[in-house]
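Visitor: sequence below, structure please.
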Amino acid sequence: MKIYVFCPDSKEIRGGIKQLYTMVDRLNEYGYDACLIHSRPSALASWFHHDTKHVFFPYLFFLLRHIIIKKDTHSFLFKLKKWLFINKELPEKDAVIVFPEVYGPDVVHLLPQNPFVIFNQNCYLTFHLFNFNENRKSPYLADNLLGAVVVSEDSKRYLQYVYPLLSVQRIYLGLDPCFMLGMEKKKKIAFMPRKLSEDALQVINIIQAKSLSIGWEIVAIEDKSEFEVAEELQDTMIFLSFNDQEGFGLPPVEAMACGCYVIGYMGRAGVEYFKEEFCSPILERNVIEFADTVGRTIAEFDCTPQITIEKGRTASQFVHQHYNAINAEDSLKTAWEKLLVKK
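Guide: Numbers count the residues shown, from 1 in each chain. You can find the predicted model right below:
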């Protein structure tokens, strides 16, 4: 069974990219013949170590730009020359293609004869590139669609509500081994500014304006490898989550794995791991409640640190119990066995 997993040519550090690589690695472990698709060698991810089997189909990305994205600003002559000389090799017509969820209704025209699966890592991007008065057939209703793979119960409910007849398979994400419980916690607050930066800016400035964070270090985590992020979280006591309509929302889970006390937004999908016994969920976009909760948590830690530390350890136990390699491998294997029944 040949399976190709289409991966966007992005050099940005994105967890969703790594999940595509991971899917290919595990499918090969299960005995499938799986390959990651990129357009060229320079597009391969360099921010984490991998030996993922891959292949290059530049013509497929040429079609992507012209059929789906439709934003190529090059001249007609340039595009004609590129079309004439580009390697037009495409996947075998009986191969299964895995597409991300972000390519909209026209994704069905890329490889119309191939059976395909949609790996939907964020259900809130399901209708990306759709119009308000959409008259194109949804790819989720295509005859050659085998089904969809999702990474949270929230995404599963979303797709099953919209497309009741769709085969939706939920898989579990597995935490990288580097995200382990940190034994020595400092008075340190960490957050990722790329998530709802306007809210992060307000919360950080509010707690500073009210002198709530005196004696605490505040660290913005950005442009770091997974190992560097884990290293930063090992001695962090409080992590601020700015999740926003996430398919899963991995950063707060990684912080919990390291024993951080997490405060912040669940981002919809986070309802399955934001448990009040070991973290503080905040109503989305309520920056005053957010800042006030940070202030109260700081005060509690300054008075009785062991209470907050124990909550962080409980959080670590919870996420390692649910989002581990065994659950990730078993759920992906089961998902593909069910998807391929239709084929």
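
Visitor: mind checking the end-to-end distance for stretch 281-289?
Guide: Chord length of stretch 281-289, first to last residue, is 10 Å (Cα to Cα, to the nearest Å).

Visitor: cool, and stretch 48-67?
Guide: One end of stretch 48-67 to the other measures 31 Å (Cα to Cα).

Visitor: pull out the buried residues from that stretch.
Guide: 50, 52, 54, 56, 57, 58, 59, 60, 61, 62, 63, 64 (16 or more other Cβ atoms under 10 Å). Every C-beta, even on glycine, is put in place using the N, C-alpha and C of the backbone.

Visitor: residue 307 contacts residue 299, doesn't it?
Guide: No: judged on Cβ atoms under 8 Å, residue 307 makes no contact with residue 299 at a distance of 11.4 Å.

Visitor: from residue 153, how far off is residue 136?
Guide: Counting by Cβ to Cβ, to the nearest Å, the separation of residue 136 from residue 153 is 29 Å.

Visitor: in helices, which of the buried residues of stretch 48-67 appear?
Guide: 58, 59, 60, 61, 62, 63 (DSSP state H).

Visitor: can you tell me which of those residues is nearest residue 92?
Guide: Residue 92 has its nearest neighbour among these in residue 60, at 12.7 Å by Cβ to Cβ.

Visitor: OK, contacts around the closest one?
Guide: By Cβ atoms under 8 Å, 6 or more residues apart in numbering, residue 60 lies in contact with 6, 37, 39, 90, 91, 110, 111.

Visitor: among the buried residues of stretch 48-67, which one lies nearest to residue 294?
Guide: Nearest to residue 294, judged by Cβ to Cβ, of the buried residues of stretch 48-67 is residue 50 at 36.4 Å.

Visitor: look at residue 83 and report its pLDDT.
Guide: Looking at residue 83, its pLDDT is 60.

Visitor: stretch 136-154: which residues count as buried?
Guide: Neighbour count says stretch 136-154 has 138-140, 142, 144-152, 154 buried, by 16+ other Cβ under 10 Å.

Visitor: of the ones in helices among the buried residues of stretch 48-67, closest to residue 274?
Guide: residue 61 (37.7 Å).

Visitor: how close does the closest one get to residue 106?
Guide: Residue 61 is 14 Å from residue 106, where distance means Cβ to Cβ.

Visitor: now swap in residue 179 and tell me
Guide: 37 Å.

Visitor: these two: which is more packed in?
Guide: residue 179 (25 against 16; other Cβ atoms under 10 Å).

Visitor: phi, psi for the more buried one please.
Guide: Dihedral pair for residue 179: phi -90, psi 80, per degrees, to the nearest 10.

Visitor: show me what contacts it?
Guide: Counted by Cβ under 8 Å, 6+ apart, residue 179 has contacts 226, 230, 233, 254, 257, 258.

Visitor: and the strands in this structure, which stretches?
Guide: Assigned by DSSP state E, the strands in the chain fall at 2-6, 33-38, 54-56, 96-100, 116-120, 145-150, 168-170, 188-191, 217-220, 238-242, 261-265, 279-281.

Visitor: now the first one: mean pLDDT?
Guide: I take that to be strand 2-6. Mean predicted lDDT for strand 2-6 stands at 97.
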